[in-house]
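Engineer: Would you be able to build a 3D model of this:
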Amino acid sequence: MPIELAWYMSCDGDSRHIGRRFADHPPSYETFTRIARNAERAGFTTLLVPTSQMSGHYGAQAPAWDSIVNAAVAAPATKTIKLLLAVRMGVIDPAICARMLASLDELSGGRILLNIVTGGAPLASYGEELDHDTRYERTGEYLQVLDGLWTREKFTFQGKYYRLKDASVYPRPVQKPRIPFFMAGASDAARRIAAERAEYSVFWGETPEQVRGEIQKVERMLEGTDRRLKYVTRFQIIARETEAEAWAAAAELLSQVDPEVLAHRRGVIGTFDSQGTRNQQARAKEEMVGPNLWAGMGRIRTGSAVAIVGSHGQCAEKIIELERAGVDLLILSGFPLHSECERVGRHVIPLVREMERALPARAWIGSAR
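Structural biologist: Model (predicted):
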(Lines give C-alpha, C1' and ligand atoms only; values in the text may rest on other atoms or scores of the structure.)
Protein backbone atom coordinates (compact mmCIF):
# COMPACT_ATOMS: atom_id res chain seq x y z
CA MET A 1 0.00 0.00 0.00
CA PRO A 2 1.27 3.53 -0.73
CA ILE A 3 2.20 5.64 2.25
CA GLU A 4 -0.75 7.48 3.78
CA LEU A 5 -0.22 11.19 4.41
CA ALA A 6 -1.76 13.17 7.26
CA TRP A 7 -1.75 16.84 8.28
CA TYR A 8 -1.75 18.56 11.68
CA MET A 9 -4.39 20.96 13.00
CA SER A 10 -2.76 22.42 16.18
CA CYS A 11 -4.68 23.39 19.30
CA ASP A 12 -3.24 26.90 19.73
CA GLY A 13 -4.02 28.66 16.47
CA ASP A 14 -2.07 29.33 13.29
CA SER A 15 0.76 31.66 12.25
CA ARG A 16 3.48 32.23 9.73
CA HIS A 17 5.99 32.48 12.61
CA ILE A 18 6.31 30.41 15.79
CA GLY A 19 7.84 31.57 19.07
CA ARG A 20 5.85 34.79 19.26
CA ARG A 21 3.68 35.56 22.30
CA PHE A 22 0.42 34.96 20.44
CA ALA A 23 -0.66 33.39 17.18
CA ASP A 24 -1.69 35.55 14.23
CA HIS A 25 -4.90 33.50 14.07
CA PRO A 26 -5.83 32.43 17.62
CA PRO A 27 -7.94 29.34 18.35
CA SER A 28 -11.41 29.76 16.87
CA TYR A 29 -14.02 27.98 14.81
CA GLU A 30 -12.76 29.83 11.74
CA THR A 31 -9.09 29.03 12.36
CA PHE A 32 -9.57 25.31 12.88
CA THR A 33 -12.20 24.66 10.22
CA ARG A 34 -10.03 26.44 7.63
CA ILE A 35 -7.09 24.14 8.43
CA ALA A 36 -9.28 21.02 8.39
CA ARG A 37 -11.08 21.85 5.15
CA ASN A 38 -7.91 22.87 3.34
CA ALA A 39 -6.14 19.68 4.42
CA GLU A 40 -9.05 17.59 3.17
CA ARG A 41 -9.09 19.39 -0.19
CA ALA A 42 -5.30 19.08 -0.48
CA GLY A 43 -5.50 15.28 -0.47
CA PHE A 44 -4.54 14.38 3.10
CA THR A 45 -6.48 11.39 4.40
CA THR A 46 -6.07 12.08 8.12
CA LEU A 47 -5.85 15.11 10.40
CA LEU A 48 -4.00 14.98 13.72
CA VAL A 49 -6.00 16.83 16.38
CA PRO A 50 -3.39 17.32 19.16
CA THR A 51 -3.77 17.75 22.90
CA SER A 52 -1.87 20.07 25.21
CA GLN A 53 -2.57 21.88 28.45
CA MET A 54 -0.57 24.85 27.18
CA SER A 55 0.45 26.37 23.86
CA GLY A 56 3.22 24.47 22.09
CA HIS A 57 4.18 27.23 19.65
CA TYR A 58 3.57 30.56 21.40
CA GLY A 59 3.82 32.21 24.82
CA ALA A 60 2.69 31.04 28.24
CA GLN A 61 -0.53 33.07 28.05
CA ALA A 62 -1.48 31.99 24.54
CA PRO A 63 -4.72 29.96 24.57
CA ALA A 64 -4.86 26.29 23.60
CA TRP A 65 -8.21 24.61 22.97
CA ASP A 66 -9.06 21.10 24.10
CA SER A 67 -8.62 18.36 21.49
CA ILE A 68 -12.08 16.87 22.01
CA VAL A 69 -13.65 20.29 21.43
CA ASN A 70 -11.52 20.72 18.31
CA ALA A 71 -12.63 17.34 16.96
CA ALA A 72 -16.25 18.36 17.51
CA VAL A 73 -15.51 21.51 15.49
CA ALA A 74 -13.69 19.73 12.65
CA ALA A 75 -15.99 16.71 12.25
CA PRO A 76 -19.10 18.50 10.89
CA ALA A 77 -16.93 20.89 8.85
CA THR A 78 -15.38 18.02 6.84
CA LYS A 79 -16.65 15.00 4.93
CA THR A 80 -13.94 12.40 4.39
CA ILE A 81 -10.79 13.20 6.37
CA LYS A 82 -10.20 10.98 9.41
CA LEU A 83 -9.60 12.72 12.73
CA LEU A 84 -6.67 11.32 14.71
CA LEU A 85 -7.77 12.63 18.09
CA ALA A 86 -5.08 12.88 20.78
CA VAL A 87 -6.38 12.22 24.30
CA ARG A 88 -4.24 12.17 27.43
CA MET A 89 -4.95 8.99 29.36
CA GLY A 90 -5.90 9.37 33.02
CA VAL A 91 -7.10 12.97 32.86
CA ILE A 92 -10.70 11.98 32.04
CA ASP A 93 -12.48 9.05 33.66
CA PRO A 94 -12.28 6.23 31.07
CA ALA A 95 -16.03 5.54 31.03
CA ILE A 96 -16.74 9.23 30.36
CA CYS A 97 -14.02 9.28 27.72
CA ALA A 98 -15.49 6.16 26.07
CA ARG A 99 -18.87 7.85 25.69
CA MET A 100 -17.37 11.13 24.42
CA LEU A 101 -15.27 9.41 21.76
CA ALA A 102 -18.10 7.15 20.67
CA SER A 103 -20.33 10.22 20.36
CA LEU A 104 -17.70 11.90 18.18
CA ASP A 105 -17.41 8.75 16.07
CA GLU A 106 -21.16 8.93 15.50
CA LEU A 107 -21.01 12.66 14.76
CA SER A 108 -18.25 12.15 12.19
CA GLY A 109 -19.74 9.10 10.54
CA GLY A 110 -17.00 6.77 11.79
CA ARG A 111 -13.94 8.96 11.19
CA ILE A 112 -12.42 9.09 14.71
CA LEU A 113 -9.04 7.50 15.47
CA LEU A 114 -7.61 7.56 19.01
CA ASN A 115 -4.07 8.89 19.47
CA ILE A 116 -3.14 7.65 22.96
CA VAL A 117 -1.00 10.15 24.86
CA THR A 118 0.47 9.24 28.25
CA GLY A 119 2.16 12.55 29.08
CA GLY A 120 5.71 13.65 29.68
CA ALA A 121 5.62 16.15 32.56
CA PRO A 122 3.58 17.01 35.68
CA LEU A 123 1.96 19.99 33.94
CA ALA A 124 0.75 17.64 31.22
CA SER A 125 -1.47 15.97 33.81
CA TYR A 126 -2.46 19.12 35.67
CA GLY A 127 0.25 18.75 38.28
CA GLU A 128 -0.30 15.05 38.90
CA GLU A 129 3.14 13.69 39.71
CA LEU A 130 3.30 10.10 38.55
CA ASP A 131 6.57 8.62 37.38
CA HIS A 132 7.01 7.50 33.78
CA ASP A 133 6.37 3.76 34.23
CA THR A 134 3.38 4.32 36.51
CA ARG A 135 1.74 6.55 33.89
CA TYR A 136 2.18 3.85 31.27
CA GLU A 137 0.88 1.16 33.61
CA ARG A 138 -2.27 3.24 34.07
CA THR A 139 -2.54 3.78 30.33
CA GLY A 140 -2.54 0.02 29.81
CA GLU A 141 -5.54 -0.32 32.13
CA TYR A 142 -7.26 2.66 30.51
CA LEU A 143 -7.14 0.95 27.11
CA GLN A 144 -8.55 -2.25 28.55
CA VAL A 145 -11.50 -0.27 29.89
CA LEU A 146 -12.12 1.52 26.59
CA ASP A 147 -11.95 -1.74 24.68
CA GLY A 148 -14.29 -3.50 27.09
CA LEU A 149 -16.88 -0.74 27.15
CA TRP A 150 -16.90 -0.46 23.34
CA THR A 151 -17.10 -4.17 22.58
CA ARG A 152 -19.20 -5.75 25.38
CA GLU A 153 -22.77 -5.30 26.53
CA LYS A 154 -21.71 -5.54 30.17
CA PHE A 155 -18.13 -5.00 31.23
CA THR A 156 -16.52 -5.76 34.59
CA PHE A 157 -12.95 -4.80 35.38
CA GLN A 158 -10.84 -4.96 38.54
CA GLY A 159 -7.53 -3.18 38.11
CA LYS A 160 -5.05 -1.19 40.12
CA TYR A 161 -6.38 2.15 38.86
CA TYR A 162 -9.90 1.43 37.55
CA ARG A 163 -12.81 -0.73 38.70
CA LEU A 164 -16.10 -1.27 36.92
CA LYS A 165 -18.94 -3.73 37.46
CA ASP A 166 -21.47 -4.58 34.75
CA ALA A 167 -20.78 -1.26 33.05
CA SER A 168 -22.29 -0.22 29.71
CA VAL A 169 -21.72 2.76 27.45
CA TYR A 170 -24.00 4.09 24.71
CA PRO A 171 -23.64 5.09 21.97
CA ARG A 172 -21.15 2.53 20.72
CA PRO A 173 -18.59 3.55 18.10
CA VAL A 174 -19.72 3.43 14.50
CA GLN A 175 -16.47 1.59 13.67
CA LYS A 176 -16.36 -2.09 14.52
CA PRO A 177 -15.20 -3.65 16.67
CA ARG A 178 -14.06 -0.28 18.08
CA ILE A 179 -12.19 2.96 17.40
CA PRO A 180 -8.58 2.06 16.39
CA PHE A 181 -5.80 2.68 18.91
CA PHE A 182 -2.70 4.68 17.91
CA MET A 183 -0.21 4.19 20.74
CA ALA A 184 2.25 7.09 21.00
CA GLY A 185 5.66 6.86 22.65
CA ALA A 186 9.30 5.91 22.16
CA SER A 187 9.99 4.19 25.48
CA ASP A 188 9.98 0.42 26.01
CA ALA A 189 6.81 0.80 28.09
CA ALA A 190 5.03 2.53 25.19
CA ARG A 191 6.25 -0.09 22.72
CA ARG A 192 4.96 -2.92 24.93
CA ILE A 193 1.48 -1.41 25.10
CA ALA A 194 1.50 -0.86 21.33
CA ALA A 195 2.53 -4.47 20.75
CA GLU A 196 -0.18 -5.79 23.10
CA ARG A 197 -3.18 -3.54 22.50
CA ALA A 198 -2.89 -1.09 19.60
CA GLU A 199 -3.36 -1.18 15.85
CA TYR A 200 -0.72 1.52 15.24
CA SER A 201 2.59 2.45 16.87
CA VAL A 202 3.30 6.19 16.79
CA PHE A 203 6.67 7.85 17.37
CA TRP A 204 8.45 11.06 16.38
CA GLY A 205 10.77 10.78 13.43
CA GLU A 206 14.36 12.01 13.33
CA THR A 207 15.99 10.28 10.32
CA PRO A 208 14.94 7.39 8.05
CA GLU A 209 17.52 5.20 9.81
CA GLN A 210 16.11 6.04 13.26
CA VAL A 211 12.58 5.38 11.98
CA ARG A 212 13.59 1.97 10.65
CA GLY A 213 15.21 1.17 14.01
CA GLU A 214 12.09 2.12 15.97
CA ILE A 215 9.96 -0.11 13.76
CA GLN A 216 12.33 -3.03 14.15
CA LYS A 217 12.19 -2.72 17.95
CA VAL A 218 8.42 -3.16 17.94
CA GLU A 219 8.58 -5.91 15.32
CA ARG A 220 10.86 -7.90 17.59
CA MET A 221 8.26 -7.63 20.37
CA LEU A 222 5.67 -9.08 17.97
CA GLU A 223 7.74 -12.15 17.14
CA GLY A 224 5.92 -15.35 18.03
CA THR A 225 2.51 -13.64 18.06
CA ASP A 226 -0.16 -13.30 15.39
CA ARG A 227 -0.39 -9.52 15.89
CA ARG A 228 0.59 -7.05 13.18
CA LEU A 229 0.99 -3.31 13.62
CA LYS A 230 1.12 -0.34 11.30
CA TYR A 231 3.64 2.43 11.93
CA VAL A 232 3.16 6.17 12.17
CA THR A 233 5.77 8.90 12.43
CA ARG A 234 5.73 12.68 12.45
CA PHE A 235 7.79 15.38 10.70
CA GLN A 236 7.53 19.06 9.93
CA ILE A 237 7.89 20.00 6.26
CA ILE A 238 9.14 23.14 4.50
CA ALA A 239 8.85 22.64 0.74
CA ARG A 240 9.56 25.27 -1.90
CA GLU A 241 10.40 25.47 -5.59
CA THR A 242 14.12 25.44 -4.80
CA GLU A 243 16.17 24.26 -1.83
CA ALA A 244 17.47 27.80 -1.26
CA GLU A 245 13.91 29.11 -1.01
CA ALA A 246 13.05 26.36 1.47
CA TRP A 247 15.95 27.25 3.76
CA ALA A 248 14.98 30.92 3.57
CA ALA A 249 11.46 29.93 4.64
CA ALA A 250 12.89 27.91 7.55
CA ALA A 251 14.85 30.96 8.73
CA GLU A 252 11.77 33.16 8.39
CA LEU A 253 9.70 30.76 10.50
CA LEU A 254 11.90 31.48 13.56
CA SER A 255 12.74 35.08 12.72
CA GLN A 256 10.32 36.64 15.24
CA VAL A 257 10.97 34.50 18.33
CA ASP A 258 10.26 36.48 21.51
CA PRO A 259 13.11 36.16 24.09
CA GLU A 260 10.63 35.65 26.94
CA VAL A 261 8.86 32.91 25.01
CA LEU A 262 12.17 31.22 24.24
CA ALA A 263 13.19 31.30 27.93
CA HIS A 264 9.80 29.92 28.99
CA ARG A 265 9.97 27.10 26.43
CA ARG A 266 13.39 26.07 27.71
CA GLY A 267 12.00 25.85 31.23
CA VAL A 268 9.01 23.79 30.14
CA ILE A 269 11.07 21.40 28.03
CA GLY A 270 13.39 20.77 30.97
CA THR A 271 10.52 19.28 33.02
CA PHE A 272 9.67 16.53 30.52
CA ASP A 273 10.66 12.92 31.13
CA SER A 274 9.16 11.75 27.84
CA GLN A 275 11.71 9.66 25.92
CA GLY A 276 10.45 11.12 22.63
CA THR A 277 10.92 14.68 23.88
CA ARG A 278 14.43 13.88 25.10
CA ASN A 279 15.32 12.41 21.72
CA GLN A 280 13.99 15.45 19.85
CA GLN A 281 15.84 17.87 22.11
CA ALA A 282 19.10 16.01 21.60
CA ARG A 283 18.55 16.38 17.88
CA ALA A 284 17.74 20.09 18.21
CA LYS A 285 21.28 20.73 19.46
CA GLU A 286 22.63 19.31 16.21
CA GLU A 287 20.44 21.53 13.97
CA MET A 288 21.15 19.38 10.89
CA VAL A 289 20.43 15.72 11.59
CA GLY A 290 20.76 14.48 8.02
CA PRO A 291 20.38 15.55 4.40
CA ASN A 292 17.43 17.95 4.18
CA LEU A 293 16.54 17.29 7.84
CA TRP A 294 16.59 20.29 10.21
CA ALA A 295 15.89 20.21 13.96
CA GLY A 296 15.95 23.94 14.65
CA MET A 297 12.28 24.06 15.61
CA GLY A 298 13.17 22.16 18.78
CA ARG A 299 14.05 25.49 20.36
CA ILE A 300 10.32 26.21 20.52
CA ARG A 301 8.45 22.93 20.10
CA THR A 302 8.31 20.25 22.81
CA GLY A 303 6.89 17.80 20.29
CA SER A 304 7.97 16.77 16.83
CA ALA A 305 10.68 19.23 15.79
CA VAL A 306 12.58 17.68 12.88
CA ALA A 307 11.62 19.23 9.54
CA ILE A 308 12.05 17.97 6.00
CA VAL A 309 13.43 21.04 4.21
CA GLY A 310 14.07 21.26 0.49
CA SER A 311 12.71 21.56 -3.01
CA HIS A 312 9.44 19.83 -3.84
CA GLY A 313 11.38 16.94 -5.33
CA GLN A 314 13.76 16.63 -2.38
CA CYS A 315 10.84 16.56 0.06
CA ALA A 316 9.10 13.87 -1.99
CA GLU A 317 12.28 11.79 -2.06
CA LYS A 318 12.59 12.02 1.73
CA ILE A 319 8.99 10.85 2.12
CA ILE A 320 9.78 7.87 -0.11
CA GLU A 321 12.80 7.08 2.10
CA LEU A 322 10.49 7.01 5.13
CA GLU A 323 8.03 4.81 3.28
CA ARG A 324 10.79 2.35 2.45
CA ALA A 325 11.85 2.40 6.11
CA GLY A 326 8.44 0.94 6.95
CA VAL A 327 6.19 3.93 7.65
CA ASP A 328 2.51 3.35 6.87
CA LEU A 329 1.23 6.81 7.87
CA LEU A 330 3.29 10.01 7.86
CA ILE A 331 1.97 13.07 9.73
CA LEU A 332 3.26 16.37 8.35
CA SER A 333 2.89 20.02 9.30
CA GLY A 334 4.17 23.40 8.19
CA PHE A 335 3.35 26.98 9.08
CA PRO A 336 0.99 28.59 8.49
CA LEU A 337 -0.93 25.34 8.69
CA HIS A 338 -3.88 26.45 6.58
CA SER A 339 -1.80 27.28 3.50
CA GLU A 340 1.23 24.97 3.77
CA CYS A 341 -1.07 21.94 3.49
CA GLU A 342 -2.25 23.32 0.14
CA ARG A 343 1.35 23.82 -1.03
CA VAL A 344 2.33 20.26 -0.07
CA GLY A 345 -0.85 18.86 -1.59
CA ARG A 346 -0.28 20.69 -4.85
CA HIS A 347 3.46 20.19 -5.31
CA VAL A 348 4.74 17.32 -3.14
CA ILE A 349 2.03 14.65 -2.90
CA PRO A 350 1.79 14.21 -6.72
CA LEU A 351 5.56 13.70 -6.87
CA VAL A 352 5.39 11.09 -4.09
CA ARG A 353 2.75 9.13 -6.01
CA GLU A 354 4.73 9.44 -9.22
CA MET A 355 7.89 8.15 -7.50
CA GLU A 356 5.95 5.24 -6.00
CA ARG A 357 4.72 4.17 -9.43
CA ALA A 358 8.25 4.36 -10.85
CA LEU A 359 9.84 2.16 -8.18
CA PRO A 360 10.53 -1.41 -9.39
CA ALA A 361 9.01 -4.11 -7.21
CA ARG A 362 12.43 -5.40 -6.17
CA ALA A 363 13.24 -2.00 -4.62
CA TRP A 364 10.78 -2.76 -1.85
CA ILE A 365 11.96 -6.26 -0.97
CA GLY A 366 13.19 -6.27 2.61
CA SER A 367 13.11 -2.49 2.72
CA ALA A 368 10.67 -2.16 5.57
CA ARG A 369 10.41 -5.10 7.96
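
Engineer: for this protein, what's the longest helix?
Structural biologist: Ranked by residue count, the top helix of the chain under DSSP state H comes out as helix 132-151.

Engineer: so where do the strands sit in this structure?
Structural biologist: Per DSSP state E, the chain carries strands over the ranges 4-8, 46-49, 82-88, 112-117, 155-158, 163-167, 181-184, 200-204, 230-240, 288-290, 293-294, 307-311, 329-333.

Engineer: okay if I get these as JSON lines plus distance to residue 356, mean neighbour count and mean pLDDT?
Structural biologist: C-beta: built from backbone N, CA, C; applies to glycine. Output for the strands of the chain, formatted as JSON lines (distance: least, Cβ to Cβ, whole Å; neighbours: other Cβ atoms under 10 Å; pLDDT from 0 to 100):
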{"stretch": "strand 4-8", "distance to residue 356": "12", "mean neighbour count": "23", "mean pLDDT": "98"}
{"stretch": "strand 46-49", "distance to residue 356": "18", "mean neighbour count": "27", "mean pLDDT": "98"}
{"stretch": "strand 82-88", "distance to residue 356": "21", "mean neighbour count": "24", "mean pLDDT": "97"}
{"stretch": "strand 112-117", "distance to residue 356": "23", "mean neighbour count": "25", "mean pLDDT": "97"}
{"stretch": "strand 155-158", "distance to residue 356": "43", "mean neighbour count": "14", "mean pLDDT": "98"}
{"stretch": "strand 163-167", "distance to residue 356": "46", "mean neighbour count": "13", "mean pLDDT": "97"}
{"stretch": "strand 181-184", "distance to residue 356": "23", "mean neighbour count": "24", "mean pLDDT": "97"}
{"stretch": "strand 200-204", "distance to residue 356": "21", "mean neighbour count": "26", "mean pLDDT": "96"}
{"stretch": "strand 230-240", "distance to residue 356": "17", "mean neighbour count": "24", "mean pLDDT": "98"}
{"stretch": "strand 288-290", "distance to residue 356": "22", "mean neighbour count": "16", "mean pLDDT": "92"}
{"stretch": "strand 293-294", "distance to residue 356": "21", "mean neighbour count": "23", "mean pLDDT": "97"}
{"stretch": "strand 307-311", "distance to residue 356": "17", "mean neighbour count": "25", "mean pLDDT": "98"}
{"stretch": "strand 329-333", "distance to residue 356": "13", "mean neighbour count": "25", "mean pLDDT": "98"}
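
Engineer: With distance to residue 193 added, can I get those strands in CSV?
Structural biologist: Shown next, in CSV, are the strands of the chain (distance: least, Cβ to Cβ, whole Å):
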stretch, distance to residue 193
strand 4-8, 21
strand 46-49, 19
strand 82-88, 14
strand 112-117, 8
strand 155-158, 16
strand 163-167, 20
strand 181-184, 5
strand 200-204, 9
strand 230-240, 15
strand 288-290, 27
strand 293-294, 28
strand 307-311, 28
strand 329-333, 18
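
Engineer: Show residues contacting the longest helix of the chain.
Structural biologist: 89-90, 94-95, 97-98, 101-102, 114, 116, 118-119, 125, 130, 155, 157, 159-162, 164, 167-169, 172-173, 177-179, 181, 185, 187, 189-190, 193, 196-198, 273-274 (Cβ atoms under 8 Å, 6 or more residues apart in numbering).

Engineer: now do stretch 330-337
Structural biologist: By Cβ under 8 Å, 6+ apart, the list of residues contacting stretch 330-337 reads 3-10, 14-18, 24-25, 35, 46, 48, 57, 84, 232-239, 253, 304, 307-308, 319, 322-323, 340-341, 343-344.

Engineer: Now do the longest helix of the chain against strand 82-88: the angle between them, please.
Structural biologist: Orientation check (axes from the mean of the first three to the mean of the last three Cα atoms, to 10 degrees): helix 132-151 against strand 82-88 gives 130 degrees.

Engineer: still on that earlier bit, narrow the contacts of helix 132-151 to those that are buried.
Structural biologist: 89-90, 94-95, 97-98, 101-102, 114, 116, 118-119, 125, 155, 162, 164, 167, 169, 172-173, 178-179, 181, 185, 187, 189-190, 193, 197-198, 274 (16 or more other Cβ atoms under 10 Å).

Engineer: can you pull out the helices in the stretch 151-300 of the chain?
Structural biologist: 188-197, 208-222, 243-253, 259-269, 275-284 (DSSP state H, counting those that start in this stretch).

Engineer: what does the first one rub up against?
Structural biologist: The set of residues that contact helix 188-197 without belonging to it, under Cβ under 8 Å, 6+ apart, is 116, 118, 132-133, 136-137, 139-140, 143-144, 147, 181, 183-185, 200-203, 217-218, 221-222, 225, 227, 229, 275.

Engineer: Now do stretch 89-97: distance from first to last residue.
Structural biologist: End-to-end distance of stretch 89-97 (Cα to Cα, to the nearest Å): 9 Å.

Engineer: could you give me the average pLDDT of that stretch?
Structural biologist: For stretch 89-97, mean pLDDT is 94.

Engineer: what's the answer for stretch 345-363, then?
Structural biologist: The model assigns stretch 345-363 a mean pLDDT of 88.

Engineer: That stretch: how far from the chain's middle?
Structural biologist: 23 Å (Cα atoms, centre = their mean, to the nearest Å).

Engineer: Out of the strands of the chain, flag the one nearest residue 349.
Structural biologist: Nearest to residue 349 among these is strand 4-8; the distance by Cβ to Cβ comes to 6.3 Å.

Engineer: Work out the sheet partners of that closest one and label each with its direction, please.
Structural biologist: strand 46-49 (parallel), strand 329-333 (parallel) (DSSP bridges).

Engineer: closest to residue 290 out of these?
Structural biologist: strand 329-333 (15.9 Å).

Engineer: follow-up on the earlier one: identify each buried residue in the longest helix of the chain, please.
Structural biologist: Here helix 132-151 shows 132, 135-150 as buried, counting by 16+ other Cβ under 10 Å.
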